[in-house]
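Asker: structure for the following, please:
(chains A and B)
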Amino acid sequence: AQKVTQAQTEISVVEKEDVTLDCVYETRDTTYYLFWYKQPPSGELVFLIRRNSFDEQNEISGRYSWNFQKSTSSFNFTITASQVVDSAVYFCALSEAPRAGNNRKLIWGLGTSLAVNP
Amino acid sequence: ETGVTQSPTHLIKTRGQQVTLRCSSQSGHNTVSWYQQALGQGPQFIFQYYREEENGRGNFPPRFSGLQFPNYSSEMNVSTLELGDSALYLCASSFGGALSYEQYFGPGTRLTVT
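Answerer: Just a heads-up that it's a prediction; the model follows:
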């Protein structure tokens, strides 16, 4: 069975602190995709990153960075020098390999609520 | 490029009634997925439509039904509403090509069942 675990329910930091959001996944597939989405208070989920199971290179995008480690089945997300606008719920998700047709399902974690205080 | 839109934004219904939610996919996308998100929870996959056919379904009863139109917009109908159906309903569109797996979400429809 596939599963995504985000052990941190809530995190509170002060602006400019670095913060890491953890994501641990379970899957039997050898081909899969991992995602991070941001959900601000407005409710709309915003796509942040997609990583496939064959690419373990870390990725950096501005203040955001992602650390994918297959050995520990983790895909952690770090925000450097956090800002108040980063306050949101962050979801990690796992997509199984495509089946016949065009099935694109996502298995979601429960999310981590990040509060960045001024 | 037009993003994903959903209507209505908010809806209040009574138990036993039915409701229709609408979603317009992002320009160029041919796949629409629907999710239910209860308060404080992650999204739960309801079903997905690809080129007007259902292409996968989560653990939701048949009273959750949907369709996709030739322009790839989609509707979801929920019949015989229950109190537990109160949630944020999210629609996501994507392109069905093999290289693209990102889903782009609309702002959601907040359904309250009383």
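Asker: contacts and neighbour counts: CA atoms only from here.
Answerer: Fine.
Asker: and A:Ser12, how many residues sit next to it?
Answerer: For A:Ser12, the neighbour count with other Cα atoms under 10 Å in any protein chain shown is 12.
Asker: gap between it and A:Thr20?
Answerer: In this view, A:Ser12 and A:Thr20 are 11 Å apart by Cα to Cα, to the nearest Å.
Asker: the bottom helix or strand of chain A by mean pLDDT?
Answerer: Ranking every helix and strand in chain A by mean pLDDT, DSSP states H and E puts strand A:106-108 at the bottom, with a mean of 84.
Asker: does chain A sit close to the helix or strand bottoming out on mean pLDDT in chain B?
Answerer: Here the helix or strand of chain B ranked lowest by mean pLDDT, DSSP H and E is strand B:53-57, holding a mean of 84. Yes: residues of strand B:53-57 contacting chain A under Cα under 8 Å from any Cα of the partner chain: B:Asn55, B:Gly56.
Asker: number of nearby residues for residue 64?
Answerer: Picked chain A for this. 18.
Asker: chain B is the one I meant
Answerer: 17.
Asker: any idea what it is bridged to?
Answerer: B:Val78 (DSSP bridges).
Asker: contact partners for it?
Answerer: Contacts of B:Phe64 were listed using Cα atoms under 8 Å, 6 or more residues apart in numbering or on different chains, and they are B:Ile46, B:Met76, B:Asn77, B:Val78, B:Ser79.
Asker: test my guess that A:Asp29 contacts A:Leu94.
Answerer: No: A:Asp29 is beyond contact range of A:Leu94, at 10.8 Å (criterion: Cα atoms under 8 Å).
Asker: what parts of chain B come near chain A?
Answerer: Within reach of chain A by Cα under 8 Å from any Cα, chain B has these residues: B:40-45, B:48, B:50, B:55-56, B:96, B:101-108.
Asker: and the residues you listed, which are buried?
Answerer: B:42-45, B:48, B:50, B:55-56, B:96, B:101-108 (16 or more other Cα atoms under 10 Å in any protein chain shown).
Asker: now do the contacts for A:Leu21.
Answerer: Counted by Cα under 8 Å, 6+ apart, A:Leu21 has contacts A:Gln6, A:Gln8, A:Asn76, A:Phe77, A:Thr78, A:Thr112.
Asker: wait, a strand at the fifth one?
Answerer: Translated: A:Thr78. Yes: secondary structure assignment places A:Thr78 in a strand (DSSP: H, G, I helix; E, B strand; the rest coil).
Asker: quick one, what contacts it?
Answerer: A:Asp18, A:Val19, A:Thr20, A:Leu21, A:Tyr64, A:Ser65, A:Trp66.
Asker: what about the fourth one, distance to chain B?
Answerer: Computed as Cα to the nearest Cα, to the nearest Å, the A:Leu21 to chain B distance reads 15 Å.
Asker: likewise for the fifth one?
Answerer: With distances defined as Cα to the nearest Cα, the gap from A:Tyr64 to chain B amounts to 18 Å.
Asker: for chain B, just list every one of the strands.
Answerer: B:5-7, B:10-13, B:19-24, B:31-37, B:44-50, B:53-57, B:64-68, B:74-78, B:87-94, B:104-105, B:109-113 (DSSP state E).
Asker: rank the ones you listed by pLDDT, which is bottom?
Answerer: The minimum mean pLDDT among the strands of chain B belongs to strand B:53-57 (a mean of 84).
Asker: which strands and helices sit next to that one?
Answerer: Using 3 or more Cα pairs under 8 Å, 6 or more residues apart in numbering or on different chains; DSSP states H and E as the contact criterion, the neighbours of strand B:53-57 among helices and strands are strand B:44-50, strand B:64-68.
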